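Pasting the sequence and the predicted model now:
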Amino acid sequence: MAPLRLYWTFARPFTLIPPMIGIFSGSLIGYGASHARFPVLKVALAVLAAAVLNAGSNGLNQVCDLQNDRINKPHRPLPSGKMTMRQAWIFIVLAYFAALAMVAVVNAETFLIYLTAALATVAYSAPPVRLKRNSVGSNLIIALIRGELLKVAGWAAVATVLQSLEPWYIGFIYFVFLSGATTTKDFADIEGDRAAGCITLPVRYGATWSARAISPAFIAPWLLLPLGLELKILTGNPWAIIALSVIMLAWGSYVIYLINKDPYRLVTEGENHPSWHHMYWMMMIGHLGLAGAYLIRLT
C-alpha cells in the first residue's frame, strides 16, 4: 500500500479533477449542441485518459523540476528521496502510453488532440524546449493544453470539431482564463524557479506587477460568454449562459481583490495559496455551468 500512496501523491490527485470535468463537460456541450448520440463508453475513456495523461505530465514536470522542488517543495516524493528516478520514469511512460491507448479507440480527432496535448506537455517541461523557462510561453502552452484543447477534445468524443467554430470558441474562453490565472501557481515558487532559471512572471517582474498583469484573465473570459451569444456562436440556453457569466464575473472580481490586496503574501503561502484554489474551482464551476446551459437547451 505504501508504494501506491507514493504514486498517488506523485500524480498530484487534486489537479486531475479539472481536466476530467473539462472533458466530460465538453462532451455534454458537444452533445447538447449537435444532438448526436452520446457514446457513454467513449466519453468515459476520454475522461479517464485526461486524468491519466495529466498524472503523467505532472510526473514529468516533477522530474524536470527537481532542482526547483528541492527549494520550493522538498516534501514531494522525488526531492524527499521517497521515490527513485527510475520509479518516476516508469510511472510517466506508462501514464502517457495508457492515456493515448485509451483515446485511440475513441476516434481519430480525439486521439490527435490528445497527442498534440501530450507533445505540448513535453515541450513545457522537458529540455531542450522547456517552455517553462519562458515567462510568456509557459502560460500560453498551459492555456493551450488545459484550456483550448481540453474543451475541443471533449466535444470531439461526441461529434466532429471540424465543421463548427463553436467548440473552438468555447475552448478559447478557457484559454484566455488560464493564460493569466495559471500564474497563481508561480508566486510561491519564486526562489526555486529563479535558481533553476525558470523566468516566470513573478520572477521577472515581481509579485505586485504580476498580480496586476494577470487580473484581467479573471474577468475577460466571462465577457466572452455574452459576446458569443451576440455573435450567434454559442447555442446553449442564453439565460443560463448570462447567469453563468454574472456569477463568474463576481467571483473573478473577488479573486482579483484577493491577489492584489497583499501580493507579497502570495510568495509565502506555499503551493496551496487561496488564489490557486480559486483558480481551480473557477475552472470546474465554469466547465459544469456551461455544460448545464447546453443541457437546459434540450429540455
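Looks like it came in fine. Numbering: from 1, shown residues only.

what comes up buried for stretch 193-202?
Neighbour counts over stretch 193-202 (16 or more other C-beta atoms under 10 Å) mark Asp193, Arg194, Ala196, Cys198, Ile199, Thr200, Leu201, Pro202 as buried. From N, CA and C alone the C-beta is placed, and that goes for glycine too.

ditto for stretch 243-251
Leu244, Ser245, Met248, Leu249, Trp251.

Same list (these) but as CSV, adding distance to Ala104, secondary structure and pLDDT.
Converted to CSV, the buried residues of stretch 243-251 look like this (distance: C-beta to C-beta, whole Å; DSSP: H, G, I helix; E, B strand; the rest coil; pLDDT from 0 to 100):
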residue, distance to Ala104, secondary structure, pLDDT
Leu244, 34, helix, 98
Ser245, 37, helix, 98
Met248, 35, helix, 98
Leu249, 40, helix, 98
Trp251, 38, helix, 96
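
Show me which of the residues you listed is closest to Asp186.
Asp186 lies nearest to Trp251 out of the buried residues of stretch 243-251, by C-beta to C-beta, at 21.0 Å.

looking at it, that closest one is touching Met282, isn't it?
Yes. The criterion here is C-beta atoms under 8 Å, and Trp251 meets it with Met282 at 5.9 Å.

list the contacts for Val105?
Lys42, Leu45 (C-beta atoms under 8 Å, 6 or more residues apart in numbering).

Who are the contact partners of Asn61?
Counted by C-beta under 8 Å, 6+ apart, Asn61 has contacts Thr121, Tyr124, Ser125, Lys132.

so where does it fall, helix or strand?
Using DSSP states H and E, Asn61 sits within helix 40-64.

Equivalent analysis for Ala291, please.
Going by DSSP H and E, Ala291 is in helix 274-296.

hmm, back to that, now go through the buried residues of stretch 193-202 and say which are in helices.
Judged by DSSP state H, helices contain the following of the buried residues of stretch 193-202: Asp193, Arg194, Ala196, Leu201, Pro202.

What are the buried residues along the helix holding Asn61?
For helix 40-64, by 16+ other C-beta under 10 Å, it's 42-64.

With stretch 220-230 instead?
Applying 16+ other C-beta under 10 Å to stretch 220-230 flags Ala220, Pro221, Trp222, Leu223, Leu224, Leu225, Pro226, Gly228, Leu229 as buried.

Repeat that for stretch 15-23.
Applying 16+ other C-beta under 10 Å to stretch 15-23 flags Thr15, Leu16, Pro18, Pro19, Met20, Ile21, Gly22, Ile23 as buried.

which among those gets closest to Glu148?
Using C-beta to C-beta, the buried residues of stretch 15-23 come closest to Glu148 at Gly22, 10.6 Å.

The closest one contacts Tyr174, doesn't it?
Yes. Counting by C-beta under 8 Å, Gly22 does reach Tyr174; the two are 7.5 Å apart.

what's the closest non-adjacent residue to Ser57?
Thr121 (3.8 Å; C-beta to C-beta, 6 or more residues apart in numbering).

what's in contact with the strand or helix carrying the one you found?
Element membership for Thr121 (DSSP H and E) is helix 108-125. Residues from elsewhere that reach helix 108-125 (C-beta under 8 Å, 6+ apart): 42, 46, 49, 53, 56-57, 60-61, 63-65, 96, 99-100, 103-104, 129-132, 138, 141-142, 144-145, 149-150, 152-153, 156-157, 160-162.

in the chain, which ranges drop under the pLDDT threshold?
Along the chain, the model assigns pLDDT under 70 to residues 1-2, 264-274, 297-299.

buried sites along stretch 135-150?
Result for stretch 135-150 [16+ other C-beta under 10 Å]: buried residues 135, 138-150.

Where does Phe38 sit: helix, strand or coil?
coil (DSSP: H, G, I helix; E, B strand; the rest coil).

How many residues are close by the closest residue to it other than its chain neighbours?
In space, and not counting its chain neighbours, Phe38 is closest to Tyr31: 4.8 Å by C-beta to C-beta, 6+ apart. Tyr31: 23 surrounding residues under other C-beta atoms under 10 Å.

Tyr31: helix or strand, and which one exactly?
With DSSP H and E as the criterion, the answer for Tyr31 is helix 17-34.

All set, thanks.
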